[in-house]
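[1] sequence unavailable; structure follows:
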């Protein structure tokens with residue numbers, strides 16, 4: 001692989017990002033802008049108030065800002081045909097587990113039909129490009145013994161959200177084998193991969209029913225924080241770590257087109273690091289915040305969630321110039337410090353993001 005091209009391999013490239021108004025999408029646009037990419041975003045309007053997209057003034061970084069539903073196949077096809085992207089990064093999704101229990105049909109429609117619509121639009125464009133479909137670590141059938149999930153583990157889901165992400169993986173694999181077979185890459189030029197990240201945290205996420213959001217809301221109000229599943233183990237990681245992995249993969253695809261990239265990839269925390277439970281995350285966050293307390297409000301009647309999730313990242317660290325740069329504890333502390341500073345000065349959101357990008361080693365434009 002031409003490693004010298006990595007880090008600058010997206011300069012001048014047209015990148016089409018779905019879900020760009022969300023938490024991860026807003027961070028991704030900033031990273032792409034630093035790399036000199038021309039980014040078009042396609043997404044619904046931000047649904048939270050505040051939102052990172054608005055607070056950090058992401059819109060001026062875009063070449064195009066399309067407000068539309070990922071399931072609007074005609075609009076999506078027209079936009080991709082117009083942009084003629086070199087890279088497509090599909091983040092648009094219904095990303096919340098608890099909401100999926102309340103509205104399973106919308107979750108499945110968005111995450112499965114939306115993915116199919118995106119891939120069919122790429123098929124309709126009929127031109128070479130690198131396509132990265134973002135799913136989730138929850139796409140795997142859970143290991144009862146808590147072993148880290150590797151990319152070739154069985155897919156499955158015991159709740160609507162997890163099932164929708166496993167289904168998105170299956171749909172992507174079907175499009176890859178039917179329309180973009182890696183062994184015939186020279187004929188169609190479309191490299192199609194999926195990426196599976198852990199539980200991402202960082203400044204600017206105000207989505208409902210997430211532990212960091214709950215912490216921020218209650219600590220800001222001077223209230224005790226209710227914690228639903230204090231003993232749960234998750235692969236916590238700063239949002240910049242998996243996004244850096246996605247970009248490394250995209251740059252590798254552009255630098256050296258190959259069938260080897262056309263598969264699933266895990267991007268999680270360092271597997272040699274110690275597990276951090278929800279309880280430990282809460283305590284690290286509160287310590288970095290400077291004050292606060294919490295209560296265990298576990299309800300055994302609540303919808304079932306997997307007790308332990310871990311990701312194996314050996315494939316990515318061996319084959320890409322990528323590794324997690326922030327430890328789990330560092331990610332938690334940086335998130336707390338970001339929100340604490342934002343609470344004191346909301347106008348500083350973009351500056352706070354720039355500081356995290358600099359600390360992470362992100363490129364400047």
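    Received, thanks. Keep in mind the model is a prediction, meaning the values are calculated, not measured.
[2] show me the contacts for residue 20.
    Residues near residue 20 by C-beta atoms under 8 Å, 6 or more residues apart in numbering: 26, 28, 29, 39, 41, 42, 43, 53, 58, 62, 65, 91. (Each C-beta comes from the backbone N, C-alpha and C, glycine too.)
[3] can you tell me which of those residues is nearest residue 270?
    Closest to residue 270 out of the contacts of residue 20 is residue 28 (21.8 Å), distances taken as C-beta to C-beta.
[4] tell me the secondary structure of that closest one, please.
    helix (DSSP: H, G, I helix; E, B strand; the rest coil).
[5] what about the nearest residue to it once chain neighbours are set aside, distance to residue 326?
    Using C-beta to C-beta, 6 or more residues apart in numbering and skipping the chain neighbours, the partner closest in space to residue 28 is residue 243 (5.3 Å). From residue 243 across to residue 326, the span is 12 Å (C-beta to C-beta, to the nearest Å).
[6] so where's the longest strand in the chain?
    The longest strand of the chain (DSSP state E) is strand 190-197.
[7] rounded mean pLDDT for the helix or strand just after it, please.
    Per DSSP states H and E, strand 190-197 leads on to strand 199-201 as the next helix or strand towards the C-terminus. On average, the pLDDT along strand 199-201 is 95.
[8] thinking again about what came up before, let's see which of the contacts of residue 20 end up in strands.
    Per DSSP E, the subset of these in strands is 39, 41, 42, 43, 65.
[9] which one of the residues you listed is nearest residue 177?
    residue 42 (25.6 Å).
[10] please report the distance of the closest one from residue 322.
    Distance from residue 42 to residue 322, by C-beta to C-beta: 26 Å.
[11] so for the two, which sits in the more crowded spot?
    Neighbours per residue (other C-beta atoms under 10 Å) separate residue 42 from residue 322, with residue 42 holding more: 30 against 22.
[12] how near is that one to residue 69?
    9 Å.
[13] also residue 95?
    From residue 95 across to residue 69, the span is 15 Å (C-beta to C-beta).
[14] and these two? which has more neighbours close in?
    residue 95 (22 against 16).
[15] quick check: that one is in a strand.
    No - Residue 95 is assigned coil when assessed by three-state DSSP, not a strand.
[16] which secondary element of the protein has the worst mean pLDDT?
    The helix or strand with the lowest mean pLDDT-type score in the chain, counting by mean pLDDT, DSSP states H and E, is helix 97-102 (a mean of 90).
[17] residue 263 versus residue 173, what's the distance?
    With C-beta to C-beta as the criterion, residue 173 and residue 263 are 9 Å apart.
[18] oh, that last question was meant for residue 131, not what I typed.
    The gap separating residue 131 from residue 263 is 13 Å, by C-beta to C-beta.
[19] which neighbours do these two share?
    In contact with both residue 131 and residue 263: residue 193, using C-beta under 8 Å, 6+ apart.
[20] those two: who's more crowded?
    Taking neighbours as other C-beta under 10 Å, residue 131 and residue 263 compare with residue 131 leading, 25 against 15.
[21] hmm, that one is touching residue 119, no?
    Yes - here residue 131 reaches residue 119: they are 7.4 Å apart, a contact under C-beta atoms under 8 Å.
[22] so which residues of the stretch 251-365 of the chain form helices?
    With DSSP state H, counting those that start in this stretch as the criterion, the stretch 251-365 of the chain has helices at 278-289, 314-319, 328-344, 349-360.
[23] check the stretch 51-200 of the chain too.
    Using DSSP H, counting those that start in this stretch, helices in the stretch 51-200 of the chain cover 52-55, 73-83, 97-102, 104-108, 114-125, 160-179, 185-188.
[24] would you single out the least confident of the ones you listed?
    helix 97-102 (a mean of 90).
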